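Enquirer: sequence first, predicted coordinates after that:
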Amino acid sequence: MTRTLVVVGYGMVGHRLAQAMRDRDVNGAWRIEVLAEEPRPAYDRVALSSYVDTWNADDLTLPDIDGVHVRLGETALEIDREKREIITSRGERVHYDALVLATGSTPFVPPVPGRDLPGCFVYRTIEDLDAIRAAVEKADRPGRRAGMVLGGGLLGLEAANALRGMGLSPHVVELAPRLMPIQVDEGGAGLLKNLVQKLDLTVHTGTSAEVIERDGGRMIVKLTSGVELDVDVVVFSAGIRPRDDLARRMGLATGARGGVVVDEGCRTDDENIYAIGECACIDGMVYGLVAPGYAMAEVVADRLLGGTATFPGADTSTKLKLLGVDVASFGDAHGATEGALEVVFNDAVAGTYAKVVVSDDAKTLLGGILVGDASAYTMLRPMVGRAISGDPAALIAPAGTDVAMGSLPDDAQVCSCNAVTKATIKGAIAGGCADVPGLKSCTKAGTTCGSCVPMLKQLLAEAGVEQSKALCEHFEYSRAELFEIIRGTGIRTFSELIAKHGKGLGCDLCKPAVASILASLGNGHVLDGEQASLQDTNDHFLANLQRNGTYSVVPRIPGGEITPDKLMVIAEVARDFGLYTKITGGQRIDLFGATVDQLPHIWRRLVDAGMESGHAYGKALRTVKSCVGTTWCRYGVQDSVAMAIQLELRYRGLRSPHKLKSAVSGCARECAEARGKDFGVIATEHGWNLYVGGNGGFKPRHADLLVSDVDSETLVRLIDRFLMFYIRTADRLQRTAAWIEAMEGGLDHLREVIVDDSLGICAELEAAMERHVGTYADEWRGVLEDPEKLARFTSFVNAPGTPDPTITFREERGQRVPVQLGIPEVLSR
Amino acid sequence: MTATTTSVVFPLARLQPNRGAAVLLPGEIQVAVFRTHDDQVFALSNIDPFARAAVMSRGIVGDRGGVPVAVSPMHKNAFDLRTGVCVDDPDVSLEVYPVRVDAGMVMVGAP
């Protein structure tokens, strides 16, 4: 019989529990009800400060979970433990067989006089940030606005980052003598303070707010140090308190410092009730980090399904980027262990601080702190409690952190966010996972903060799963390497390339890939000479192969804008050749059912009417969709159609590792769905926002914001660089999303390369794009003007003009559709 | 080759190296004729048995582990040019047709 699990609370931990149950409960033993206090689905609270980048809550939303009933904006008022019933805030009674409290925590607001004044806020939810934004926008004062954050811990600095994102100068007030007192020591905090003060933050340590007063629209905060701050908003971020009031009312035991007391299986003293995350008190501790919360969610999921999992103990290690500064802290960071020794490297010039704590015999790593550069964290954290060989200083010596993964024991956690051990990852690799995306989906490692991705790569390499970059059996090089070989050597034929740098005759993998590289480098018409033989059938016939061996035709309609006259030509062609006609998702028209010998006749008429290839058949720029923008729309703020047309005409014909899609929206309503594209542009009051790495398809992904509010010229320059960098360095058939995901350093690195020109290649990338734009010619016109190219468009070499007898059609809804050949079906294995 | 009557003749020049073309034999039999880099010619049925479409002649010609193959453009199944056997699934094969080149002309026959 199906039992009912009710989860009270839909934060990250509640979401994880629901997800874990759905993943593991393959027999459907449990029905899941979730009471979510907030008016929106679960979101990534860890990334809350990034909400101010776009003010779009969808960016933070965690994936929906099929088969979980979520009651948004509904809380549990009372719980009848005897009847096992919850009375919700909507007055409904919900029965449970198991109840899990995942109510999280509330911000702690110290008892400062004036803390309830308008202008005082906490930092916890999207609604909190919306309220702060509203107050900031209402505050009307000349000059730069300011805000005060009370609390200089991890959350306080996140809150300061959010204020900075809203254009405020933040003051951070911390009672302890240093920032992040829990995670960082004095040396690290000193450097951290220097680094964040360069970012327009003012840090006040060793002091606290004495009183808050309101003067007109302004907040005057007197600090105990005597300093008086004149700010627009005050944000409390001085710690959290577990939300255990519901548990208290039910009579469940709570800890001395709050939190619902649970055993190692996360069960309260009522056998049907569990508590997980920040509201739980386990082993006398309440954890305010997401990783222990996730671990508890997994424990409960296991228990509900008959398992005996126990809470493995919390890893309170942290690695994060605060205001652009890397900070990491792990293990016994403060050297609290008896006899512990510390080794410190403090480079004030480079802006890095590193400390490792080792046992009294210097043989065991106990913990450490990294500020400014935390790249050693991924290797060091799993080694905590393990023997180290050699000089501990070598672990953090500049440019010396080369520790082999092989020395790591199997039970060491590689991904602490999701508690994935080295053994689990090795198992997944043995089971056939051959790359990082594979490991991510199969073990969840690397899916939360991503800091362990370099280790995943290393484990793959060490497991002997050749992270083979080889394109195929004929070339040992990756696509990116081949691109550089072709670019550097000037080789312009496949036969020369394979003779000098490959082996064998080539195949259906390397030939089209090399053809694409040659085309990206501008090697004349794609069907010139030997290049023609390299092309996949779509590029060979400049049309899209369909299931019955016919092709479809898509003329380019830049930006989706088309005159009635051209529309009529398309309609006449479709009618005269009997082509099935359908509107595409990319604001174009697809004509299906053309035989190879019909293609030139169809294109003759389209080219004569002023149309050109839409490259729907190529790994190339497809279409740049647009909404109607300022020209017609009441809400538009920029001319999205003109921009879309400009971009589509600029990049048409550009061959790339995979198809490229784009869109331009004229305002934040995003009617063109630009964020589902490889590069998407959204108009703002001041210019354009550029998003990169989005796609629909099997694994939909929203594009990430690369730059905001740039003018049209800058926008085009950045897209030039983005596309050329992608074309040069991506793998074969790797969309931009996967390319960015696989890139070491991800979006930040991409931004450094193409916005800040950290590699010094931007001029070269722009020049390459200029060459493309300058040499573009319509491929179909090129075919029609060349009898040799035209000759291939024939049904049978010995009987040109004889139609292929296997192609037949029937009628459906007034149009012709293919009839499958009546031969026995052979199933592909 | 002498045992078969040549049904179809066309100039080798109509075949690009490392590419194929379709020919029509009497009785609506479709054959894909391929020319390799060393000017050998091979002839297989033009119909991809997995996709049930007459598309084999439009596939890429190359090798899989040294075996000369033509790869169906539909779902990328590779077939041995010499035997017609599917490299990915040896239970499936394409009919092989006799073919030769004489004085610059390709001659394809019924089996």
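Expert: Now that the structure is in, tell me what you want to look at. Computed from a prediction, not measured in an experiment: that's the story for all the values here.
Enquirer: so where's the stretch 1-150 of chain A uncertain?
Expert: Within the stretch 1-150 of chain A, the stretches with pLDDT under 70 are A:140-143.
Enquirer: contact partners for residue 42?
Expert: Just going to use chain A. Neighbouring residues of A:A42 by C-beta atoms under 8 Å, 6 or more residues apart in numbering or on different chains: A:10-12, A:14-15, A:36, A:61-62. Using the backbone N, CA and C atoms, a C-beta is placed for each residue, glycine as well.
Enquirer: look at chain B instead
Expert: B:F42 neighbours (C-beta under 8 Å, 6+ apart): B:33-34, B:36, B:68, B:70, B:81-82, B:96, B:99.
Enquirer: mind putting the residues you listed in JSON lines, neighbour count and secondary structure included?
Expert: Converted to JSON lines, the contacts of B:F42 look like this (neighbours: other C-beta atoms under 10 Å in any protein chain shown; DSSP: H, G, I helix; E, B strand; the rest coil):
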{"residue": "B:V33", "neighbour count": "27", "secondary structure": "strand"}
{"residue": "B:F34", "neighbour count": "24", "secondary structure": "strand"}
{"residue": "B:T36", "neighbour count": "19", "secondary structure": "coil"}
{"residue": "B:P68", "neighbour count": "20", "secondary structure": "strand"}
{"residue": "B:A70", "neighbour count": "28", "secondary structure": "strand"}
{"residue": "B:L81", "neighbour count": "24", "secondary structure": "coil"}
{"residue": "B:R82", "neighbour count": "13", "secondary structure": "coil"}
{"residue": "B:V96", "neighbour count": "19", "secondary structure": "strand"}
{"residue": "B:V99", "neighbour count": "22", "secondary structure": "strand"}
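Enquirer: can you count the residues close to the residue of chain A found nearest chain B?
Expert: As assessed by C-beta to the nearest C-beta, chain B sits closest to A:T537 within chain A, at 3.6 Å. A:T537 has 23 neighbouring residues, counting by other C-beta atoms under 10 Å in any protein chain shown.
Enquirer: for it, give me its contacts.
Expert: Counted by C-beta under 8 Å, 6+ apart, A:T537 has contacts A:545, B:55, B:58-59, B:73.
Enquirer: of the residues you listed, which belong to strands?
Expert: Residues of the contacts of A:T537 located in strands (DSSP state E): A:L545.
Enquirer: out of the contacts of A:T537, which are inside helices?
Expert: Using DSSP state H, no member of the contacts of A:T537 sits in helices.
Enquirer: so which pair among the contacts of A:T537 is furthest apart in space?
Expert: Spatial extent of the contacts of A:T537 (C-beta to C-beta) is set by the pair A:L545 and B:G59 at 10.6 Å.
Enquirer: what number of residues lie near the closest residue to the residue of chain A closest to chain B other than its chain neighbours?
Expert: Distance criterion C-beta to C-beta, 6 or more residues apart in numbering or on different chains; nearest residue to A:T537, sequence neighbours excluded, is B:P73 at 3.6 Å. B:P73 has 23 neighbours, counted by other C-beta under 10 Å.
Enquirer: surely B:P73 and B:I60 touch.
Expert: Yes. Using C-beta atoms under 8 Å, B:P73 is in contact with B:I60, at 7.5 Å.
Enquirer: A:D565 - how many residues pack around it?
Expert: Count around A:D565 with other C-beta under 10 Å applied: 9.
Enquirer: where does it land in three-state SS?
Expert: helix (DSSP: H, G, I helix; E, B strand; the rest coil).
Enquirer: can you check A:W739 too?
Expert: A:W739 is classified as helix under three-state DSSP.
Enquirer: contacting residues around residue 84?
Expert: By default, I'm working from chain A. So A:R84 contacts A:95-97, A:99, A:272 (C-beta under 8 Å, 6+ apart).
Enquirer: to clarify, I was referring to chain B.
Expert: Counting by C-beta under 8 Å, 6+ apart, B:G84 touches B:44-45, B:93-96.
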